[in-house]
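Novice: How does the following fold in three dimensions:
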Amino acid sequence: MLLVALKSELFEVKMASFMKLANNLTRVGIGLAVGGAVINSALYNVDGGHRAVIFDRLSGVSQKVKGEGTHFLIPLVQTLIYSMCDQNLQMFQ
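Specialist: Next up is the predicted model:
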């Protein structure tokens, strides 16, 4: 009977330890998911040959034109409103 009680107590200790680990992993996973979503919403790409203009809810349309590449914006405050294409017409004879 004593052996069964010891096994039961050891099982409870291992189960409590496992539950702590599972809770910690869940918290870390949720934190990483939220952080990744925020970073993903703050990044935008401007394709080659294009330019972008940003609308800021606080100051209106930005006078700066963003060139090609990856850029940051403030989610919920700034939005990409226009991406225009540069077209250079060259005629060859």
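Novice: residues contacting residue 72?
Specialist: Residue 72 is in contact with 42, 43, counting by Cβ atoms under 8 Å, 6 or more residues apart in numbering. Yep, even glycine has a C-beta here, placed from its N, CA and C like the rest.
Novice: try residue 90
Specialist: With Cβ under 8 Å, 6+ apart, residue 90 has no contacts at all.
Novice: Please report how far it lies from residue 67.
Specialist: 21 Å (Cβ to Cβ, to the nearest Å).
Novice: for residue 40, same thing?
Specialist: On the measure of Cβ to Cβ, residue 40 and residue 67 end up 21 Å apart.
Novice: For the spatially closest residue to residue 75 that is not a sequence neighbour, give me the pLDDT.
Specialist: Excluding its sequence neighbours, the residue lying closest to residue 75 (Cβ to Cβ, 6 or more residues apart in numbering) is residue 41, at 4.4 Å. Model confidence at residue 41, expressed as pLDDT, equals 92.
Novice: what about residue 41, which helix or strand?
Specialist: Per DSSP states H and E, residue 41 falls inside helix 2-42.
Novice: what's around residue 74, how many residues?
Specialist: As a burial measure, residue 74 scores 13 neighbours (other Cβ atoms under 10 Å).
Novice: Quick one: residues contacting it.
Specialist: Residue 74 neighbours (Cβ under 8 Å, 6+ apart): residue 42.
Novice: and if you look at the one 3 residues further on?
Specialist: In this structure, residue 77 makes contact with 56, 57, 58, judged by Cβ under 8 Å, 6+ apart.
Novice: how about it, phi and psi?
Specialist: Torsion angles at residue 77 (phi, psi; degrees, to the nearest 10) stand at phi -110, psi -40.
Novice: Wasn't residue 90 part of a helix?
Specialist: No. Counting by DSSP: H, G, I helix; E, B strand; the rest coil, residue 90 is not part of a helix but coil.
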